[in-house]
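Engineer: Build me a model from this:
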Amino acid sequence: MYQIQYLNKISKAGTERFTDNYTVGEGVQDPDAIMVRSANMLEMELPQKLLAIARAGAGVNNIPLDKCSEKGIVVFNTPGANANAVKELVLCGLLLSSRRIVPAAEWCKTLKGKGAEVPKLIEKGKSQFVGPEIKGKALGVIGLGAIGVLVANAAKSLGMEVYGYDPYLSVDAAWGLSRSIHHAQTLDDIWANCDYITIHVPQTPDTKGMICKEAISKMKDHVRILNFARGGLVDSDSILEGIKSGKVASYATDFPNDEMIGVDGIIAIPHLGASTPESEDNCARMAANELRDYLENGNIRNSVNMPMVSMARDKSTQRICVLHRNMPNTISRFSGILANMGINIENMQSKSRKEYAYTIVDVTGDIANEAAQKLQSLDEVIRARVIK
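Structural biologist: Numbers count the residues shown, from 1 in each chain. Next up, the predicted model:
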């Protein structure tokens, strides 16, 4: 029986993925795994028993990744599950940033009560809200993951010239990207060539504040910037200065702060990127499936802190799963311990990710638990468990 704790309300599409072999809910104590959306776990005491955390969404800056890695807790996210929802909001932001629809709609509210004069007032005042069409304009897409590829392809279908930048472009993403997208070699290519720029990268020490005063100075005059990825990717002071000077024509963001709200030229959206029922269902379903596959089979897919290792189950064997530090000769030590115990290895997979590694070993016989205990005693082993 596995215990799953919810730190937020989780869509039924995810919760119904758990069988009778699971106890689930917000009140679960001492869980084997946690499902979370936006709850802040950074200061949370992590139970010793905890094996995994699944974030029903892409961003994981509310989860203490380093602490989890040290304790052998696998952290999953759901890349691509909310991609279409975010793509649609980016396209909305693209149009809102161009056609001045938001201030125009607000201005219309001021005409309430003007009676028969409203049509004349509208014709007289509408010129203040003129904005350019996006067809034929250049859009720079920084980050060509699940969302970036969808945005790039959709913008191209709307008649835009699209430049994509991603030095870590995956093979799968490349297959899905329209062949008519221009491949920018550097960020400077994006800054210099694009009328609109949208960011779709994770927030890391390297990407934090990537849209800054220096970057904006290299952009076209009257550039329009969109941020539906993470608030910290854009330096607020630099954006406000760019808006004030006119260098930046508009900034559409899903992560407004106090200084941005109410500023003409800034479209502040209250973090609605994944706020669709379809997205919430997709994220919850994917997170639940990842947890089940890890707890029941030891497979790791879509982890943000551990290597991805997946191996088909042979029910005639027992499976030993080992999270360990990435050190020389570790696998040979594992094999030696098992050989000395007379255990035959039927199948094995091992992969590393920076300082951590994960190994799955399928063995025959009934002494897998004893073997796991011996493996656990090794200094480099963080956690060893058996799945029967």
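
Engineer: what's the spacing between residue 218 and residue 182?
Structural biologist: Using CB to CB, to the nearest Å, residue 218 is found at 18 Å from residue 182. Every C-beta, even on glycine, is put in place using the N, C-alpha and C of the backbone.

Engineer: Looking at those two, which is more packed in?
Structural biologist: residue 182 (17 against 12; other CB atoms under 10 Å).

Engineer: contacting residues around the residue positioned nearest the centre of the chain?
Structural biologist: Residue closest to the average C-alpha location in the chain (CA atoms, centre = their mean): residue 58, at 2.3 Å. Taking CB atoms under 8 Å, 6 or more residues apart in numbering, we find residue 58 in contact with 77, 78, 79, 81, 82, 202.

Engineer: Just put those in CSV and tack on secondary structure and distance to residue 208.
Structural biologist: Output for the contacts of residue 58, formatted as CSV (DSSP: H, G, I helix; E, B strand; the rest coil; distance: CB to CB, whole Å):
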residue, secondary structure, distance to residue 208
77, coil, 19
78, coil, 23
79, coil, 20
81, coil, 24
82, coil, 22
202, coil, 10
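
Engineer: and which of the residues you listed is nearest residue 270?
Structural biologist: residue 82 (15.9 Å; CB to CB).

Engineer: Wait, that closest one touches residue 273, no?
Structural biologist: Yes - the criterion here is CB atoms under 8 Å, and residue 82 meets it with residue 273 at 6.9 Å.

Engineer: Count the residues that sit near residue 345.
Structural biologist: 15.

Engineer: And for the one 4 residues further on?
Structural biologist: With neighbours defined by other CB under 10 Å, the count for residue 349 comes to 15.

Engineer: Phi and psi next, for it.
Structural biologist: The phi/psi pair for residue 349 (degrees, to the nearest 10) reads phi -140, psi 140.

Engineer: Dig out what it forms beta bridges with.
Structural biologist: residue 360 (DSSP bridges).

Engineer: The contacts of residue 58: which two are farthest apart?
Structural biologist: Pairwise over these, using CB to CB, the maximum falls at 81 and 202, 15.3 Å.

Engineer: So for the two, which residue has more residues nearby?
Structural biologist: Between residue 81 and residue 202, counted using other CB under 10 Å, the more crowded position is residue 81 (24 against 18).

Engineer: Hmm, residue 278 and that one touching each other?
Structural biologist: No - using CB under 8 Å as the test, residue 81 is too far from residue 278 to be in contact (9.5 Å).

Engineer: Would you map the helices across the stretch 251-388 of the chain?
Structural biologist: 277-297, 330-340, 368-376 (DSSP state H, counting those that start in this stretch).

Engineer: sorry, that was for the stretch 51-200 of the chain
Structural biologist: Going by DSSP H, counting those that start in this stretch, the stretch 51-200 of the chain shows helices at 65-71, 83-99, 101-109, 118-125, 146-157, 171-176, 187-193.

Engineer: Identify whichever of those helices lies nearest to residue 302.
Structural biologist: Once these are compared by CB to CB, helix 146-157 is nearest, at 11.1 Å.

Engineer: Can you give me the neighbour number for residue 9?
Structural biologist: The burial count for residue 9: 11, using other CB under 10 Å.

Engineer: Next, it: phi, psi?
Structural biologist: Taking degrees, to the nearest 10 as the convention, residue 9 sits at phi -70, psi 130.

Engineer: go on, residue 234?
Structural biologist: Here residue 234 shows phi and psi, under degrees, to the nearest 10, equal to phi -120, psi 130.

Engineer: What lies in contact with stretch 109-125?
Structural biologist: In contact with stretch 109-125 (CB under 8 Å, 6+ apart) are residues 107, 108.

Engineer: what pLDDT, on average, does that stretch get?
Structural biologist: Stretch 109-125 shows a mean pLDDT of 97.

Engineer: measure that stretch end to end?
Structural biologist: 13 Å (CA to CA, to the nearest Å).

Engineer: And stretch 2-21, by the same measure?
Structural biologist: 6 Å.

Engineer: same check, this time on stretch 294-303
Structural biologist: OK, stretch 294-303 end separation, CA to CA: 10 Å.

Engineer: And for stretch 313-332?
Structural biologist: So stretch 313-332: terminal residues 23 Å apart, CA to CA.

Engineer: Just the buried positions in stretch 39-59, please.
Structural biologist: Residues of stretch 39-59 classed as buried: 41, 44, 47, 50-59 (neighbour count, 16 or more other CB atoms under 10 Å).

Engineer: now those as CSV including pLDDT?
Structural biologist: As requested, the buried residues of stretch 39-59 are exported to CSV (pLDDT from 0 to 100):
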residue, pLDDT
41, 98
44, 97
47, 95
50, 98
51, 99
52, 99
53, 99
54, 99
55, 97
56, 94
57, 88
58, 83
59, 83
